[in-house]
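Chemist: no sequence on this one, just coordinates:
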């Protein structure tokens, strides 16, 4: 049923500890969301590819994992299903399937539901920990980004430990870093994209913060809040939708890191990662073209 794709399997392996951690944080809700997303996403690609006599790619498992882990724990299940169907169908299948899509399908699906149903996507938080059995209060269900917008700066150690409100997989900082090391070591993810995205985000965040821009956040607290780290490791490094040339990857990372910071600080949206990845995907081919030597041009 599935095409064998070693690189995609490695990404799935790296995501499994984060999925388990999300179950500790949100209990049954995490399991149900993952089940709904995997069923809807895999079925969508299967039905589309069946009409063309092709197998389902193992990449759809990565797409479903990333999309599910980017969902708020209290998101209505029909919205979660609608988003992954949109992402797989319009972000991947209509381009001809794996390897031909321009945009990351998990981001396409997430952005679709984020813009279409903002009230559900920005308020569906739960108090994390104890397998979803923690008591609920206004502090425990506020995300770090929400707190910082109210001038409440969360403790850095709490952000790194990851027991805080947010999307299912975004708070597992230590596990995300470990996954990033594994993906770089196995040459599955580009260290150039990870490094340039990380440094550009930190550099611009620091500049705005120390210049005294009122809506900016402390750089390290900003890095470990929201989905920045998760997106840098797993979505910016998508080998299909990112650039292939080494120099282009640096530029691609700088674009994503900068746009993420600017959207967070200056727009009405609390998070800028999805918009940044979409913009990066749009320019990826152009960046590759800039750094491809032209035939007949003397150096």
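Modeler: Alright, I've got the coordinates. A quick note: this is a predicted structure, and the numbers were derived from the prediction, not measured. Residues are numbered from 1 along each chain as shown.

Chemist: where does the prediction get shaky in the stretch 151-299 of the chain?
Modeler: 296-299 (pLDDT under 70).

Chemist: quick one, what contacts the most centrally placed residue in the chain?
Modeler: The centre of the chain sits closest to residue 231, judged by Cα atoms, centre = their mean, with a distance of 3.4 Å. Contacts for residue 231 were tallied using Cβ atoms under 8 Å, 6 or more residues apart in numbering; they are 256, 260, 273-274, 276-277. For every residue, glycine as well, the C-beta is placed using N, CA and C.

Chemist: do that again at 10 Å, thanks
Modeler: By Cβ atoms under 10 Å, 6 or more residues apart in numbering, the contact list for residue 231 reads 66, 70, 104, 106-107, 110, 170, 176, 197, 237, 256, 260, 271-274, 276-277.

Chemist: how about the helices in the chain?
Modeler: Per DSSP state H, the chain has helices spanning 6-26, 28-50, 59-69, 77-91, 105-116, 118-121, 144-149, 156-161, 173-185, 191-210, 219-223, 228-234, 246-266, 273-290. These are given in chain order.

Chemist: can I get those helices in TSV including distance to residue 134?
Modeler: Listed next are those as TSV, based on distance: least, Cβ to Cβ, whole Å:
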stretch	distance to residue 134
helix 6-26	9
helix 28-50	12
helix 59-69	20
helix 77-91	21
helix 105-116	26
helix 118-121	21
helix 144-149	17
helix 156-161	14
helix 173-185	19
helix 191-210	30
helix 219-223	22
helix 228-234	22
helix 246-266	27
helix 273-290	26
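
Chemist: of those, which is nearest residue 99?
Modeler: helix 59-69 (8.6 Å; Cβ to Cβ).

Chemist: tell me what angle that closest one forms with helix 173-185.
Modeler: Here the directions of helix 59-69 and helix 173-185 differ by 160 degrees (axes from the mean of the first three to the mean of the last three Cα atoms, to 10 degrees).

Chemist: report the mean per-residue pLDDT for helix 59-69.
Modeler: Helix 59-69 comes out with an average pLDDT of 96.

Chemist: so how far is residue 20 from residue 160?
Modeler: 18 Å (Cβ to Cβ, to the nearest Å).

Chemist: wait, residue 42 sits on residue 1?
Modeler: Yes. Applying Cβ atoms under 10 Å as the test, residue 42 and residue 1 come out as touching, 9.0 Å apart.

Chemist: list residues touching both of the two?
Modeler: Counting by Cβ under 10 Å, 6+ apart, the residues touching both residue 42 and residue 1 are residue 56.

Chemist: which of those two has more residues huddled nearby?
Modeler: residue 42 (19 against 8; other Cβ atoms under 10 Å).

Chemist: just list the residues touching the residue nearest to the more buried one when sequence neighbours are not counted, thanks.
Modeler: Counting by Cβ to Cβ, 6 or more residues apart in numbering, the nearest residue to residue 42 once its immediate chain neighbours are dropped is residue 60, at 5.7 Å. Residue 60 sits next to 2-3, 5, 8, 38, 41-46, 49, 84, 87-88, 92-93, 97-98, 105-106 when contact means Cβ under 10 Å, 6+ apart.
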